[in-house]
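Engineer: Provide a 3D model corresponding to the input given below.
(chains A and B)
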Amino acid sequence: MIPIGWTLGLSAVLFCIGVAGVLVRRNALVVFMSIELMLNLNTESTENTKGEFRKSEPQTKASGVRGQNECGIEN
Amino acid sequence: MVPYLFMGFGALLLATAAMVVLHKHPVTSALFLVLSFSSLAGIYLLLQAEFIGLVQIIVYAGAIMVLFLFVIMYMNLTDDVERGAHIALRRGIGWMVSALLLLFAGLLATRGWAPGPVAAAPDTMQGGNAGIIGRALYSRFLFPFEVTSMLLLVAMVGAIVMVKGRRGSGEERS
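Structural biologist: The predicted structure is shown next:
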């Protein structure tokens, strides 16, 4: 699985890119596009927190299947 | 395999997002934004959020970006290259503020000032991705959902009223 710090770091960097776009560009549409970037990344970070507890939750039900899948993916 | 894919999609996402901000021409930056949304959809798929990933492609890379391109080509926007000391000062302040924000985020992450993400109460996995989202949306987040839909309705009615009022005043003048 992907560690949660990676997605949080990625979303932080992209949020900063969006802030730079809002502050630097003069074109209104490009400013809107940068705002879209920032909002998108917020959903990404919340999505990953959901994935974090989803990873821990099904250990009671299907830990064997999930472990096999992860090993298959790793190889 | 998954971490390498994540790194690849993340690098593509960062590069295209930087090009959205840095490129001069609005049409080119909009096309880079399509590419960045697509790579973000790939990251969603890697995070096992298939519904969000596909909605990302359909809604953002499809509908909203087509709307952006329509507006750009309809208004016939040119490059936004502006010169002058005032613009340069504003641009420098913008870069500095975003760099400071990034530095602050790095400090938060490394020094452990932020407690980190707090997981909400887990939903059941039955019904797949869309089922989880729909159940959460219509039970726990029902009130914000309805408020958002009312806000969108008000914005739509307001846009129609503004366009009609402008057209009416134009007819009166002519």
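Engineer: ranges for the helices of chain B?
Structural biologist: B:2-22, B:26-46, B:50-55, B:65-75, B:85-111, B:128-139, B:142-173 (DSSP state H).
Engineer: what distance separates the third one from the middle of the whole chain?
Structural biologist: Using CA atoms, centre = their mean, to the nearest Å, the distance from the centre of helix B:50-55 to the centre of the chain it belongs to is 15 Å.
Engineer: In that helix, which residues are buried?
Structural biologist: Counting neighbours by 16 or more other CB atoms under 10 Å in any protein chain shown, one finds that the buried residues in helix B:50-55 are B:52, B:53, B:55. All C-beta spots, glycine's among them, are computed from the backbone N, C-alpha and C.
Engineer: same for that helix, what does it pack against?
Structural biologist: In this structure, helix B:50-55 packs against helix B:26-46, helix B:128-139, with contacts taken as 3 or more CB pairs under 8 Å, 6 or more residues apart in numbering or on different chains; DSSP states H and E.
Engineer: Now do the SS call for residue A:34.
Structural biologist: What DSSP: H, G, I helix; E, B strand; the rest coil gives for residue A:34 is helix.
Engineer: For it, give me its contacts.
Structural biologist: Contacts were defined as CB atoms under 8 Å, 6 or more residues apart in numbering or on different chains; by that measure residue A:34 touches A:17, A:18, A:19, A:20, A:21, A:22, A:25, B:20, B:21.
Engineer: of all those residues, which comes closest to residue B:39?
Structural biologist: Each of these was checked against residue B:39 using CB to CB; the closest is residue B:20, at 12.1 Å.
Engineer: Local confidence estimate at the closest one?
Structural biologist: On pLDDT, residue B:20 comes in at 85.
Engineer: For it, grab the count of nearby residues.
Structural biologist: Other residues within reach of residue B:20, judged by other CB atoms under 10 Å in any protein chain shown, total 27.
Engineer: Verify the contact between it and residue A:37 for me.
Structural biologist: Yes - taking contacts as CB atoms under 8 Å, residue B:20 lies within contact range of residue A:37: 6.9 Å.
Engineer: Identify the contacts common to these two.
Structural biologist: Residues touching both residue B:20 and residue A:37 by CB under 8 Å, 6+ apart: A:17, A:21, B:33, B:36.
Engineer: pretty sure the first one contacts residue B:21?
Structural biologist: Yes - contact criterion CB under 8 Å: residue A:17 and residue B:21 qualify, at 5.8 Å.
Engineer: thinking again about what came up before, most packed of the helices and strands packed on helix B:50-55?
Structural biologist: Mean neighbours per residue, mean count of other CB atoms under 10 Å in any protein chain shown, is largest over the helices and strands packed on helix B:50-55 for helix B:26-46, with a mean of 21.
Engineer: Report the rounded mean pLDDT for it.
Structural biologist: Regarding helix B:26-46, the rounded mean pLDDT is 87.
Engineer: Return the backbone torsion pair for residue B:140.
Structural biologist: Summarising the backbone geometry of residue B:140 under the convention degrees, to the nearest 10, its torsions are phi -80, psi -40.
Engineer: what about it, neighbour count?
Structural biologist: The burial count assigned to residue B:140 is 13, neighbours taken as other CB under 10 Å.
Engineer: Ok, residue B:59 next?
Structural biologist: 12.
Engineer: pLDDT weak spots in chain B?
Structural biologist: Counting by pLDDT under 70, chain B has low-confidence residues at B:77-84, B:112-128, B:166-174.
Engineer: residues touching the residue of it found nearest chain A, list them.
Structural biologist: Distances from chain B to chain A, computed as CB to the nearest CB, single out residue B:94 as the nearest residue at 3.0 Å. Listed by CB under 8 Å, 6+ apart, the contact partners of residue B:94 are A:20, A:22, A:23, A:24.
Engineer: With residue A:31 instead?
Structural biologist: Here residue A:31 is in contact with A:21, A:22, A:25 (criterion: CB under 8 Å, 6+ apart).
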